[in-house]
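In: Model the structure of this input:
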Amino acid sequence: MIEGISYLVLLLIAMPLKYAADMPMAVRIVGGIHGALFIAFMIWMYLVYDQYNMTIKWMLKAFVSSIIPFGTFYMDKEWKSQEVKSEE
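Out: Next up is the predicted model:
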């Protein structure tokens, strides 16, 4: 979720500030934070793939969702519904 929020802040706040208000520092700061969160997400994705024997398809879906705006929110909802099903 945090990675998705940082991506939206980068796209919807920092980028417009850079080009409309001539504030490139906004992209540097938010971009750096988002980059670190994206790397953390990729590591988390691999650890889940490895520990829970997920498929390559699952990993690809997680990666694609991380580069599409609002994609991480969709995947979070889907993963939570899978969690509930596995607990039953």
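In: Give me the buried positions along the strand or helix carrying residue 34.
Out: Applying DSSP states H and E as the criterion places residue 34 in helix 24-51. By neighbour count with 16 or more other Cβ atoms under 10 Å, helix 24-51 contains the buried residues 26-27, 30-31, 33-34, 37, 41, 45. No exception for glycine: its C-beta is placed from N, CA and C like everyone else's.
In: Just list what it packs against, helices and strands only.
Out: When contacts are defined as 3 or more Cβ pairs under 8 Å, 6 or more residues apart in numbering; DSSP states H and E, helix 24-51 packs onto helix 2-9, helix 15-20, helix 56-67.
In: Pass me the low-pLDDT residue ranges in this protein, would you?
Out: 84-88 (pLDDT under 70).
In: of all the helices and strands packed on helix 24-51, which lies closest to residue 74?
Out: helix 56-67 (6.3 Å; Cβ to Cβ).
In: With just CA atoms, put the closest one into PDB.
Out: The C-alpha trace of helix 56-67 is given here as PDB (Å, rounded to 0.1, in the frame of the first residue of the first chain):
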ATOM      1  CA  ILE A  56       5.900 -16.900 -11.800                       C
ATOM      2  CA  LYS A  57       2.500 -15.700 -13.000                       C
ATOM      3  CA  TRP A  58       1.800 -14.400  -9.400                       C
ATOM      4  CA  MET A  59       5.200 -12.600  -9.400                       C
ATOM      5  CA  LEU A  60       4.600 -11.100 -12.800                       C
ATOM      6  CA  LYS A  61       1.100  -9.900 -11.700                       C
ATOM      7  CA  ALA A  62       2.600  -8.300  -8.600                       C
ATOM      8  CA  PHE A  63       5.300  -6.500 -10.600                       C
ATOM      9  CA  VAL A  64       2.900  -5.200 -13.200                       C
ATOM     10  CA  SER A  65       0.500  -4.000 -10.500                       C
ATOM     11  CA  SER A  66       3.400  -2.000  -9.000                       C
ATOM     12  CA  ILE A  67       3.900   0.000 -12.200                       C
END
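In: quick one: residue 75 from residue 40, how far?
Out: 15 Å (Cβ to Cβ, to the nearest Å).
In: what comes up buried for stretch 59-66?
Out: 59, 61-62, 65-66.
In: Much appreciated, bye for now.
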